[in-house]
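Chemist: What follows is a protein structure lacking sequence information:
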Ligand SMILES: C[S@@+](CC[C@H](N)C(=O)[O-])C[C@H]1O[C@@H](n2cnc3c(N)ncnc32)[C@H](O)[C@@H]1O
């Protein structure tokens with residue numbers, strides 16, 4: 001944590017309106033994308049701090065449209081913040097502070113649990129922090145049941161970062177980032193929030209012809225389906241994987257083909273947006289040479305894009321993609337270094353310059 005928030009209490013008033021402090025967890029590297037989504041989707045909200053993997057924002061206390069923030073992994077409501085010392089003797093401060101909190105607004109007596117994280121040089125563990133927080137809640141609300149890490153209905157979270165403590169309530173279920181539905185995944189599937197961040201960077205428009213040339217299990221196509229489009233099309237070289245994509249996309253107006261993405265069935269300059277996660281070296285290798293594949297893919301993406309069309313591409317061949325793009329006159333608008341499945345792929349946003 002880099003410093004304190006100016007905002008300190010749940011339900012503070014700003015300009016006469018009651019607002020609450022929330023934070024969303026997000027894949028490290030995508031914090032700015034989520035902030036942009038929050039700014040666009042939540043009226044009267046304000047992003048007030050960005051830390052690695054977390055975006056803090058204020059919104060009306062009555063804010064309930066959690067599902068609309070699709071780049072977020074999870075959402076939390078901040079209930080309290082305070083300072084703590086580094087030694088075991090300071091731990092009782094957690095219990096005392098939390099026992100004074102009014103959590104009656106939850107109006108429920110379901111089983112609760114507290115998860116903890118700890119960063120810094122303390123002589124106590126995160127489990128000891130969680131235990132103190134549980135005891136604090138139980139002191140104030142003795143009739144609330146203490147659950148287990150696997151079995152609870154209410155989940156609190158306590159994050160100790162050096163001297164700073166944030167105590168929060170988890171608002172989203174564990175299934176939130178999987179869109180609360182049964183999905184089938186391929187070995188290289190993206191998590192839906194990452195796929196959404198890619199879609200968001202393409203700036204979805206209702207007139208879009210949108211293509212994912214290497215769609216795998218269809219995660220990007222499925223996220224694009226959350227917004228209106230003229231056409232959403234995807235494909236994969238594997239017949240088996242396209243079957244998985246079709247079952248995941250059931251009910252959406254999305255067309256899925258078996259194709260070789262190096263020869264897409266589109267004429268020159270007719271696609272508005274290409275968003276794709278190219279095969280990674282260590283995950284799924286296309287037949288033959290990855291460098292040659294990337295070279296051919298970049299040319300094909302450039303060919304089908306309209307002038308000023310956008311390509312959002314996730315790849316772990318960052319250097320190659322950069323110089324391929326330069327050669328093709330694809331202008332790099334932004335790039336993000338991510339931390340994903342033990343790799344550090346780069347997410348590029350390219351725009352085709354105005355010649356076909
Ligand atoms: C990284 S995965 C995409 C994962 C996808 N975004 C998802 O969430 O499921 C890359 C995909 O490219 C496909 N692929 C490899 N070579 C291809 C080619 N020549 N044409 C089309 N797809 C290809 C693989 O079968 C694989 O499903």
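Modeler: Thanks, I have it. Just so we're clear, the structure is a prediction, and the values are computed from it rather than from any experiment.
Chemist: Quick check, the residue in the stretch 151-300 of the chain closest to the ligand?
Modeler: residue 216 (2.7 Å; CB to the nearest ligand atom). All C-beta spots, glycine's among them, are computed from the backbone N, C-alpha and C.
Chemist: Quick check: closest non-adjacent residue to that residue.
Modeler: residue 186 (4.8 Å; CB to CB, 6 or more residues apart in numbering).
Chemist: Any idea what the nearest residue to residue 163 once chain neighbours are set aside is bridged to?
Modeler: Spatial nearest neighbour of residue 163, chain neighbours left out: residue 83 (5.1 Å); criterion: CB to CB, 6+ apart. For residue 83, the beta-bridge partners under DSSP bridges are residue 164.
Chemist: Could you double-check that residue 83 sits in contact with residue 165?
Modeler: Yes - counting by CB atoms under 8 Å, residue 83 touches residue 165, with 7.1 Å between them.
Chemist: residues contacting the residue nearest to residue 216?
Modeler: Residues in contact with residue 186 (CB atoms under 8 Å, 6 or more residues apart in numbering) are 216-217, 241, 244.
Chemist: nearest spatial neighbour of the residue in the stretch 1-150 of the chain that the ligand sits nearest to, skipping sequence neighbours?
Modeler: In the stretch 1-150 of the chain, the residue found nearest to the ligand is residue 27; the distance is 13.6 Å by CB to the nearest ligand atom. Leaving aside its sequence neighbours, residue 27 sits nearest to residue 194 (CB to CB, 6+ apart; 5.6 Å).
Chemist: and that neighbour, what element?
Modeler: Per DSSP states H and E: residue 194 is located in helix 192-201.
Chemist: Could you pull up the mean pLDDT of that helix?
Modeler: For helix 192-201, mean pLDDT is 98.
Chemist: Provide the contact partners of it at residue level.
Modeler: Contacts of helix 192-201 (CB under 8 Å, 6+ apart): 26-27, 30, 33-34, 36-37, 70-73, 177-179, 183, 190, 219-220, 222-224, 226-227, 275, 277, 312, 314, 334, 338, 340, 347, 349.
Chemist: And stretch 341-353, by the same measure?
Modeler: So stretch 341-353 is in contact with 29-30, 197-198, 201-202, 280, 282-283, 302, 305-316, 318, 321-322, 325, 329-338, going by CB under 8 Å, 6+ apart.
Chemist: Thought residue 137 was touching residue 114, still the case?
Modeler: Yes - Residue 114 is within contact range of residue 137, at 7.3 Å (criterion: CB under 8 Å).
Chemist: Give me the distance from stretch 142-150 to the chain's centre.
Modeler: On the basis of CA atoms, centre = their mean, to the nearest Å, stretch 142-150 sits 29 Å off its chain's mean C-alpha point.
Chemist: Would you work out how far apart the start and end of it are?
Modeler: One end of stretch 142-150 to the other measures 21 Å (CA to CA, to the nearest Å).
Chemist: residues in contact with the residue nearest to residue 166 when sequence neighbours are not counted?
Modeler: Leaving aside its sequence neighbours, residue 166 sits nearest to residue 159 (CB to CB, 6+ apart; 4.7 Å). Contacts for residue 159 were tallied using CB under 8 Å, 6+ apart; they are 116-119, 165-166, 168.
Chemist: Let's see which of those residues end up in strands.
Modeler: Residues of the contacts of residue 159 located in strands (DSSP state E): 116-119, 165-166, 168.
Chemist: and the residues you listed, which are buried?
Modeler: 116, 118, 165-166, 168 (16 or more other CB atoms under 10 Å).
Chemist: Tell me the confidence at the residue of the chain most remote from its centre?
Modeler: Within the chain, the residue lying farthest from the chain centre (CA atoms, centre = their mean) is residue 89, at 37.2 Å. At residue 89, the pLDDT value in this model is 94.
Chemist: would it count as being in a helix?
Modeler: Yes - per DSSP: H, G, I helix; E, B strand; the rest coil, residue 89 lies within a helix segment.
Chemist: any idea how far residue 80 is from it?
Modeler: 21 Å (CB to CB, to the nearest Å).
Chemist: Regarding residue 156, what is its secondary structure?
Modeler: strand.
Chemist: ok, it - contacts?
Modeler: 79, 112-115, 133, 137, 167-170.
Chemist: State the pair within the residues you listed that is farthest apart.
Modeler: 79 and 113 (14.8 Å; CB to CB).
Chemist: the helices in the stretch 101-250 of the chain, which residues?
Modeler: For the stretch 101-250 of the chain, the helices defined by DSSP state H, counting those that start in this stretch occupy 126-140, 192-201, 219-224, 239-248.
Chemist: average pLDDT for the first one?
Modeler: The average pLDDT for helix 126-140 rounds to 97.
Chemist: now what about it, what contacts it?
Modeler: 88, 91-92, 94-101, 103, 112-118, 144, 146, 156, 158, 160, 167.
Chemist: Could you write me a ChimeraX select line covering just the buried ones among these?
Modeler: Here is the ChimeraX command that selects the buried residues among these (16+ other CB under 10 Å):
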select :91,94,95,97,98,99,103,112,113,114,115,116,118,144,156,158,160,167
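Chemist: Give me the residue ranges of the stretch 201-350 of the chain where confidence is low.
Modeler: 281-287 (pLDDT under 70).
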